[in-house]
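Chemist: Build me a model:
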Amino acid sequence: MMHRKTAQALAVVALAALPMFASAQLTANVALTSNYKFRGQDQDTSKSKAVKPAIQGGFDYAFGETGWYVGNWNSSVNWLAGSNSIESDIYGGYKFTAGGIGWDVGALTYIYPGATSANTTELYGAGSFGPLTLKYSHTISKDYFGAAGYDASSGFKGQNTGYLNLAFAQEIAPALTLKAAVGYTRFASGIKDYTALPGNPGKIPNYVDYALGVSYDFGAGVALYGGVQGANKKSYAPFSEVNKARAIVTLSKTL
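Modeler: Alright, predicted model coming up:
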């Protein structure tokens, strides 16, 4: 039989935890976009046209006022053989404020069912001040989206690839927000030059990506985004014009 004092202590702990769980929040999101670009690159390389619709959505769970959170986000993609249907991201982290800056640290894994060689895990850290957010992501998995995996026996690795992004978001009129971002991808040495691999796919250069657009909030969680996204290296093997600038329209709903 449980000791009475132990039972009382457990009851106190349970009551103390109630506010945290009572304020926990689960949100969901769904979106339809004219073209899914990730770090400036088309995620559907099966078509050369600008309009490559993708359906997206996910869930986020915040653990009350603790700052901890977990989430899942998914999108249709078509750029890897054996995985022509979906990207599924799993992430979790901790948000807090210190020195007048909003901090966010965590980990994120990109999963591609049917093409596990492209699975990638990153650690990230971000700081937000006013309308600006600076974020750095660092690859800790062996490869970076399969970029070094053209020859499994090559020993080349995508680990330690880094991505730095500076984003700006500011309301410029009621319900209208201006959004801009610039990012830099620095590939690990193992995938910067793999010309010796079968098929001689050539170099993958470090590159800069950009995004500029506006988002209109209709209320009730409905928003419409329109903008331009792309990168400075418009064409390189093995993908053609994957970094080309595209006009993108996205309709989203948060639940």
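
Chemist: tell me the mean pLDDT over stretch 170-188?
Modeler: If you average the pLDDT over stretch 170-188, you get 97.

Chemist: Would you agree Tyr144 falls within a strand?
Modeler: No: counting by DSSP: H, G, I helix; E, B strand; the rest coil, Tyr144 is not part of a strand but coil.

Chemist: any idea of the pLDDT on it?
Modeler: Reported pLDDT for Tyr144: 91.

Chemist: Spatially, and excluding backbone neighbours, which residue is closest to it.
Modeler: Nearest residue to Tyr144, sequence neighbours excluded (C-beta to C-beta, 6 or more residues apart in numbering): Gly158, at 2.9 Å. To be clear about C-beta, it is placed using only N, CA and C from the backbone, and glycine gets the same treatment.

Chemist: Counting neighbours, what do you get for that neighbour?
Modeler: 23 (other C-beta atoms under 10 Å).

Chemist: for the chain, what are the low-confidence residue spans?
Modeler: By pLDDT under 70, the weakly predicted segments of the chain are 1-23, 81-84, 149-156, 192-203, 234-240.

Chemist: all strands for it, in order.
Modeler: Applying DSSP state E to the chain gives strands spanning 25-33, 37-38, 41-42, 54-62, 68-75, 87-98, 101-111, 120-129, 132-139, 162-173, 176-186, 207-219, 222-231, 246-254.

Chemist: Partner strands of the fourth one, with direction?
Modeler: Pointing back at strand 54-62 there. strand 25-33 (antiparallel), strand 68-75 (antiparallel) (DSSP bridges).

Chemist: Please identify the buried residues of stretch 42-59?
Modeler: Asp42, Gln43, Asp44, Thr45, Lys52, Ala54, Gln56, Gly57, Gly58 (16 or more other C-beta atoms under 10 Å).

Chemist: now stretch 77-95
Modeler: Buried, per 16+ other C-beta under 10 Å, within stretch 77-95: Val77, Asn78, Trp79, Leu80, Ser83, Glu87, Ser88, Ile90, Tyr91, Gly93, Lys95.

Chemist: What is the nearest of those to Phe168?
Modeler: Taking C-beta to C-beta as the measure, Lys95 is the one of those closest to Phe168, at 19.4 Å.

Chemist: does the closest one really touch Ile101, like I thought?
Modeler: No: at 11.3 Å, Lys95 and Ile101 do not qualify as touching, with contact defined as C-beta atoms under 8 Å.

Chemist: joint contacts of those two?
Modeler: By C-beta atoms under 8 Å, 6 or more residues apart in numbering, Lys95 and Ile101 have no common neighbours.

Chemist: distance of the residue nearest to Tyr144 from Thr45?
Modeler: Note on Gly158: its distance to Thr45, by C-beta to C-beta, to the nearest Å, is 18 Å.
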